[in-house]
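> return atomic coordinates for the entry below.
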Amino acid sequence: MQYETYQTLKALHIIFMVSWFAGLFYIIRLFIYHTEAQTKSASEKEILSAQFIIMEKKLWWIITTPAMILTLLFGIWMLFINTALLEQKWMLIKLGFVAVLLFYHGVCQKVMFDLINNRFNWTSNGLRIWNELATLILVAVVFLVELQGSMNWLKATLGFFGVAILLMIGIKIYKRLRK
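Predicted coordinates for the structure are as follows:
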């Protein structure tokens, strides 16, 4: 019975983690479009900004934040059932990445509040780069969970930074193609 409960919690944890990341990825896209709308004519800017604020709020409060809460709830519940996980190095590293992701979530919320209050502290390119942090966290967590203790940390670290470099190159290429 406990195995079935654990597997159910694990499935729910994964489902809401995917939803959380989807929300984080999409909210940054909305922030980019919202920021870029500020270069439009006054009437376009006003209409677009009002629409982006509605979309951002709904995405944040109906999908992204509830998904974060449920991801954490089911993850903590799994740790409660299987406390031995807390003795494994990979899990402690994963929890460190989760802490970084929670910080990332908080920064995204601040950006949303700033945009709602007509404060544009980020450029669209800065937001694109910021978006890649969530991608890197996702890659790191999936590899940690799937490979656990069998991972070669040197290769993993090099791979992690390799993905980061490829993402940055992709952003530069995209920026040039847009011009």
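> what about this structure, any weak spots by pLDDT?
The chain contains residues with pLDDT under 70 at 1, 149, 151-154, 157.
> can we see that at 90?
Filtered on pLDDT under 90, the chain yields the residue ranges 1-3, 89-90, 93, 125, 129, 132, 135-136, 139-179.
> going by residue numbers, what spans are strands in it?
Using DSSP state E, no strands are found in the chain.
> next up, the contacts around residue 136.
By CB atoms under 8 Å, 6 or more residues apart in numbering, the contact list for residue 136 reads 160, 163-164, 167. (Glycine included, C-beta is placed from N, CA and C.)
> let's see stretch 131-141 as PDB, backbone CA atoms only.
Presented in PDB, the C-alpha positions along stretch 131-141 are these (Å, rounded to 0.1, in the frame of the first residue of the first chain):
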ATOM      1  CA  ASN A 131      14.300  32.500 -18.900                       C
ATOM      2  CA  GLU A 132      17.300  30.200 -19.600                       C
ATOM      3  CA  LEU A 133      18.000  29.800 -15.900                       C
ATOM      4  CA  ALA A 134      14.800  27.900 -15.500                       C
ATOM      5  CA  THR A 135      15.800  25.700 -18.400                       C
ATOM      6  CA  LEU A 136      19.200  25.000 -16.800                       C
ATOM      7  CA  ILE A 137      17.500  24.100 -13.500                       C
ATOM      8  CA  LEU A 138      15.100  21.800 -15.300                       C
ATOM      9  CA  VAL A 139      18.000  20.000 -17.100                       C
ATOM     10  CA  ALA A 140      20.000  19.700 -13.900                       C
ATOM     11  CA  VAL A 141      17.100  18.300 -11.800                       C
END
